[in-house]
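Q: only the shape, not the letters, is given here:
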């Protein structure tokens, strides 16, 4: 990965592609790459949908290799949803293919001078940019068969659905999985809207004729990968729980902890959780001929995904993940897995972030647009977004916009982005992450659930304030580094608990690049990434006052523990003091 592909969609005479050396961005991958490019090249005060914004697509440092779990892709830009810097992360096949094509990043620049729709083919011969208005307003699931009919099955695709073309805040970018389903999404922050503003409907990636990336120390790399994989498989979370029941194994656990946000964060437990749990989901999948365990990208050994079939045994969607099941389930008072799977499919085909959409429907239900528990109404609301009706445009603005339009006081957002599936009052550590993350409310930015609830990497009492600042700070630093490697974030469970597995990860990086990286080096990388992101947000107008939860989390107790969020503002301001 020694080059960067830049595609200027607004060039005179039509879009133009140029290839340049990595240059000043050498040694960066994934989130570190997207953050570095956005913070250096994008004016912080630009309009997110304007020509000055850039969409940066970057595989991780280990993508395109034999390393287990190395196929995550980072997508970065200035977010239309938050107005700050954004990195959205996805599985699927894109990262491995881009890396094997030799690109450290693909950067979409400028906006087209016409309203034409473009498709981009990137292969060993370079990039071909073509107008194809026949693709206009196709959903992702309708689009991909058109693409494979033209380019064959040995491709990976990154595409937007109708929400992205309409430049909605909730719009995601779909990445195809190993079966060429557009089911893996860079979901958060409206990255799909930015791709839509560039006029790009789909990027087709073909690495035919390109070899696997080779390490500088091949034998050392293979040995490190063997040890790293063994560590993942022996950990109870990554080797047992996630492969058996997927990410939704958390539903019963978080519900029992009283941290499962129910009916727009009114309660911490949902009476219908058993009906939508990971255990129930896996049982349904196997019974109908689907899969209860499945990798989201080449090289995945945790296999925490699956395939969900409808009642007639036909493919409907990938296994709805924990956050998706919660967002469209407990958060909306819905306990019907088939309805939730349909909502997941609709989100994926329209190109919508499932977390933002579920939170938005919860706010809409509180506003009286539908009744909590009405699955049919929820499905119809998502369809409104997909077709871009007046109501759909409002909902497509996200939870914060919907709350403002309909006069809802209780809207669970930070920096304009909806909170995921953990109530910050019952898990104070995740509340710190929600409040202070550069990305807006984001559980993956510093997954305190690991230590607060699962007791991975130690234990910090979720209901107390003590230790939460340090926990979130350390996890945010570690996450920024992991996101830069191309590794799935779930490796954190094993590397937090098993020093030898963490060492194996370091050995992977060192053997591949000929480095002598230590744990301290990983920490410094994480700090560097976060510092660039904080600097961009500050120049975009963010202050310490944006690092706060909505007021009602500090004033309204949540059952069953009847607790509020009690971490002090002055302590939140210390998260990035290192």
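A: On my side now, so go ahead. Note that the coordinates shown come from a computational prediction; the quantities given were computed from them, not determined experimentally. Numbering: from 1, shown residues only.

Q: could you count how many residues lie near residue 289?
A: 11 (other CB atoms under 10 Å). Glycine gets a C-beta too; all of them are placed from N, C-alpha and C.

Q: can you pull out the helices in the stretch 101-250 of the chain?
A: Secondary structure of the stretch 101-250 of the chain (DSSP state H, counting those that start in this stretch): helices at 140-151, 162-165, 191-197, 218-234, 236, 242-245, 250-256.

Q: quick one: buried residues of the last one?
A: Using 16 or more other CB atoms under 10 Å as the burial criterion, the residues of helix 250-256 that qualify are 250, 251, 252, 253, 254, 255.

Q: cool, and the third one?
A: The neighbour-count criterion (16+ other CB under 10 Å) identifies 191, 192, 193, 194, 195, 196, 197 as the buried residues of helix 191-197.

Q: list just the nearest of the residues you listed to residue 18.
A: In terms of CB to CB, no member of the buried residues of helix 191-197 lies closer to residue 18 than residue 195, at 19.2 Å.

Q: so who does the closest one touch?
A: 55, 108, 160, 164, 171, 173 (CB atoms under 8 Å, 6 or more residues apart in numbering).

Q: look up how far residue 156 lies from it.
A: Look at residue 195 and residue 156: by CB to CB, to the nearest Å, they are 16 Å apart.

Q: returning to what we had before: of all the helices of the stretch 101-250 of the chain, which one is nearest residue 578?
A: helix 218-234 (27.6 Å).

Q: the stretch 351-500 of the chain: strands as residue ranges?
A: Assigned by DSSP state E, counting those that start in this stretch, the stretch 351-500 of the chain shows strands spanning 413-414, 417-418.

Q: of those strands, which stretch is the most buried?
A: Looking across these with neighbours counted as mean count of other CB atoms under 10 Å, the highest average goes to strand 417-418: a mean of 30.

Q: what's in contact with it?
A: Contacts of strand 417-418 (CB under 8 Å, 6+ apart): 79, 81-82, 188-189, 355-356, 358-360, 398-400, 412, 439-442.

Q: in this structure, what helix or strand scores lowest on average pLDDT?
A: strand 291-294 (a mean of 90; mean pLDDT, DSSP states H and E).

Q: domain ranges for this protein?
A: 3-205, 247-423 (automatic domain parsing).

Q: I'd like those domains as a markdown table, with distance to residue 476 appended.
A: As requested, the domains of the chain are exported to a markdown table (distance: least, CB to CB, whole Å):
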| stretch | distance to residue 476 |
| --- | --- |
| domain 3-205 | 12 |
| domain 247-423 | 14 |
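
Q: of the ones you listed, which is nearest residue 477?
A: domain 3-205 (12.2 Å).

Q: list the helices and strands the least confident helix or strand of the chain packs on?
A: helix 242-245, helix 278-287, strand 305-309 (3 or more CB pairs under 8 Å, 6 or more residues apart in numbering; DSSP states H and E).

Q: could you rerun that using 7 Å?
A: helix 278-287, strand 305-309 (3 or more CB pairs under 7 Å, 6 or more residues apart in numbering; DSSP states H and E).

Q: got TSV for those, with mean pLDDT too?
A: What follows is the helices and strands packed on strand 291-294, written out as TSV (pLDDT from 0 to 100):
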stretch	mean pLDDT
helix 278-287	96
strand 305-309	95
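
Q: indicate which one of the ones you listed is closest to residue 7.
A: strand 305-309 (30.6 Å).

Q: how far away is residue 441 from residue 435?
A: Residue 441 is 8 Å from residue 435, by CB to CB.

Q: how much space separates the spatially most distant residue from the centre of the chain from residue 20?
A: Here the chain reaches farthest from its C-alpha mean at residue 13, the gap being 35.1 Å by CA atoms, centre = their mean. Going from residue 13 to residue 20 by CB to CB gives 20 Å.

Q: point to the residue nearest the middle of the chain.
A: For the chain, the residue sitting closest to the mean C-alpha position, by CA atoms, centre = their mean, is residue 89 at 4.0 Å.
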